[in-house]
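Engineer: 3D, please:
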Amino acid sequence: MKVSAETLENRQTRLTIEVAPEEVESSMDKAYRRLSKKVVVPGFRKGKAPRSIMELHLGKEVLLEEALEDLIPETYNKALEEQGLEAIGQPEIEIVERQPVKYKATVSLKPIIDLGDYRFVRLEPEKAEVTQEEIDKVIEQLRQQQAPWEPVEGPVSFDDLVTMDVKGTVADEVIVDQKGIQYQVLRESRRPVAGFAEKLEGMAKGETREFNLSFPEDYPDKKVVGKEGSFKVTVSEIKRKTLPEVNDEFAKSLGEEFDNLDSLRQRVTQQLQKMAEDAAQHRFEEKALDTVVGFSKVVYPPVMLEHELEHLLEDQARQLGQRGLEDYLKNINKTKEQLKEELKPAATERLTRSLVLGKLAEEEKIAVEPQEIEAEIEKLAQMAGERADDLRKGLSTPDARYSIAQRLLVKKTLERLALIASGQAKKESQAPAAEASPAEAEKSSETGQQG
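Structural biologist: Next up is the predicted model:
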């Protein structure tokens with residue numbers, strides 16, 4: 001076997017492989033033995049026809065194609081070993097000649113990630129502060145939640161809850177016909193269509209009102225987009241919230257742990273402070289990662305970006321509740337290639353960040369221990385209440401455990417990077433390498449790095 005290698009850009013190599021005649025002959029013989037057990041040759045029992053007869057019956061080209069199915073993978077793997085290449089994904093194969101067998105394999109290689117002097121990154125952590133306005137806003141939300149709905153005789157105002165009969169048509173086709181439904185009249189609501197809530201303002205109990213509204217371009221039901229709908233609404237009841245006064249009695253109504261309004265404000269302040277600190281920590285970690293990504297040199301083969309694009313396409317379709325990618329593309333009236341082109345910047349950023357995170361975990365020897373995975377499963381199970389046992393079982397599969405390990409690895413790596421950026425990290429990592437640590441930082445890039 002003769003092998004020559006040509007280095008291509010973006011972590012790719014093209015191998016030209018010429019297979020020795022004796023290797024081809026050996027594979028042809030194996031192919032003959034396989035086919036003889038499947039193919040019936042007139043005048044011979046299955047498996048008894050000589051190879052020369054089999055070649056006449058099927059054609060030598062058919063036998064060669066069968067042989068290539070094993071010959072190419074075998075010789076390709078030998079060529080990788082001979083050239084000392086670590087490939088990821090499947091190669092692109094182009095058969096150049098069949099006599100002798102000669103083919104080209106475009107090989108994707110593992111990415112190169114150079115983090116530079118990331119340990120010298122220093123950033124100023126932001127202060128997590130809670131304002132009085134934020135505290136008052138939470139207490140107002142609690143006040144709204146505690147307020148009962150009570151019937152009123154006055155006209156409909158925004159935020160009221162109305163009971164109504166509604167009928168809507170578009171070009172004489174009924175699109176809605178419901179009686180006795182409850183509807184909260186929220187300003188600028190887009191349910192069932194923008195402008196509907198505004199048309200109800202000022203209506204009295206027992207009043208009927210008719211009006212027309214146009215369906216905008218982004219309306220979910222494409223059959224009515226750009227058309228005008230006619231609505232007929234009759235209000236049968238109007239309810240409004242009676243808000244309690246913000247005092248000690250209001251605080252006590254929220255639970256036994258609150259003796260007075262001051263204790264409620266203290267609890268709200270503590271919770272908001274914790275949320276603010278978590279949010280500030282998250283922003284600091286992201287800023288630190290952005291900084292490292294900014295001066296890192298990352299080179300990867302196109303196949304990895306292609307895998308990342310596929311993940312993004314699937315994620316978008318799933319998040320929007322589509323049954324599949326084809327339905328999603330049909331709804332947005334775009335081809336798969338058009339959407340891929342739009343998503344390419346986001347996919348590039350996500351892949352680069354993922355690779356940098358993975359390299360950081362490797363450099364800092366950050367690992368996820370089995371007991372950490374168990375602890376995370378238990379924490380999630382405790383939050384599931386009655387479903388705890390079912391959740392434990394579901395999270396104990398290899399795939400689920402791997403996903404948890406990846407998530408914990410990202411979390412620990414970002415925490416470590418934040419310590420470095422704030423100047424609090426020791427010079428040497430405290431975390432020893434461990435068997436449970438995956439090599440990459442996120443599952444989004446993992447599929448692109450399988451060999």
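Engineer: mind listing the helices for the chain?
Structural biologist: In the chain, the helices defined using DSSP state H lie at 21-36, 51-58, 60-83, 132-146, 196-200, 248-252, 261-295, 302-319, 325-332, 336-363, 370-383, 388-394, 398-421, 443-446.
Engineer: can you give me the mean pLDDT across the first one?
Structural biologist: If you average the pLDDT over helix 21-36, you get 90.
Engineer: packing partners for it?
Structural biologist: Contact analysis of helix 21-36 by 3 or more Cβ pairs under 8 Å, 6 or more residues apart in numbering; DSSP states H and E lists helix 51-58, helix 60-83 as its packing neighbours. C-beta here means a position set from N, CA and C on the backbone, and glycine is covered the same way.
Engineer: could you dump these to JSON lines with mean neighbour count?
Structural biologist: What follows is the helices and strands packed on helix 21-36, written out as JSON lines (neighbours: other Cβ atoms under 10 Å):
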{"stretch": "helix 51-58", "mean neighbour count": "15"}
{"stretch": "helix 60-83", "mean neighbour count": "16"}
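Engineer: would TSV of these with mean pLDDT and distance to F44 be doable?
Structural biologist: Listed next are those as TSV, based on pLDDT from 0 to 100; distance: least, Cβ to Cβ, whole Å:
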stretch	mean pLDDT	distance to F44
helix 51-58	84	7
helix 60-83	94	16
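Engineer: so can I have TSV of those showing distance to E6?
Structural biologist: Putting those into TSV (distance: least, Cβ to Cβ, whole Å) gives the following:
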stretch	distance to E6
helix 51-58	35
helix 60-83	11
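Engineer: select, out of those helices, the one closest to K411.
Structural biologist: helix 60-83 (35.3 Å; Cβ to Cβ).
Engineer: tell me which of the helices and strands packed on helix 21-36 lies nearest to D218.
Structural biologist: Of the helices and strands packed on helix 21-36, the one closest to D218 (Cβ to Cβ) turns out to be helix 60-83, at 49.6 Å.
Engineer: may I have the strand ranked longest in the chain as PDB, with CA atoms only?
Structural biologist: Within the chain, and with DSSP state E defining each element, the longest strand by residue count is strand 228-241. Once non-C-alpha atoms are left out, strand 228-241 reads as follows in PDB (Å, rounded to 0.1, in the frame of the first residue of the first chain):
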ATOM      1  CA  GLU A 228     -59.400  41.200   8.500                       C
ATOM      2  CA  GLY A 229     -61.400  39.400  11.200                       C
ATOM      3  CA  SER A 230     -64.800  40.400  12.500                       C
ATOM      4  CA  PHE A 231     -65.500  39.900  16.200                       C
ATOM      5  CA  LYS A 232     -68.700  40.100  18.300                       C
ATOM      6  CA  VAL A 233     -68.200  40.200  22.000                       C
ATOM      7  CA  THR A 234     -70.900  40.200  24.800                       C
ATOM      8  CA  VAL A 235     -69.600  40.900  28.400                       C
ATOM      9  CA  SER A 236     -71.600  39.100  31.100                       C
ATOM     10  CA  GLU A 237     -69.400  39.800  34.200                       C
ATOM     11  CA  ILE A 238     -66.600  42.100  35.200                       C
ATOM     12  CA  LYS A 239     -64.200  41.300  38.000                       C
ATOM     13  CA  ARG A 240     -61.400  43.400  39.500                       C
ATOM     14  CA  LYS A 241     -58.700  42.600  42.100                       C
END
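Engineer: ok so, going back, tell me which of the helices and strands packed on helix 21-36 sits nearest to S396.
Structural biologist: helix 60-83 (34.8 Å).
Engineer: so which bits of the longest strand of the chain are buried?
Structural biologist: 229, 231, 233-235, 238-241 (16 or more other Cβ atoms under 10 Å).
Engineer: out of the helices and strands packed on helix 21-36, flag the one nearest E362.
Structural biologist: helix 60-83 (22.8 Å).
Engineer: and the closest one, what does it pack against?
Structural biologist: strand 2-8, strand 12-18, helix 21-36, strand 92-98, strand 101-108.
Engineer: strand partners (parallel or antiparallel) of the fourth one?
Structural biologist: Using DSSP bridges, strand 92-98 pairs in its sheet with strand 101-108 (antiparallel).
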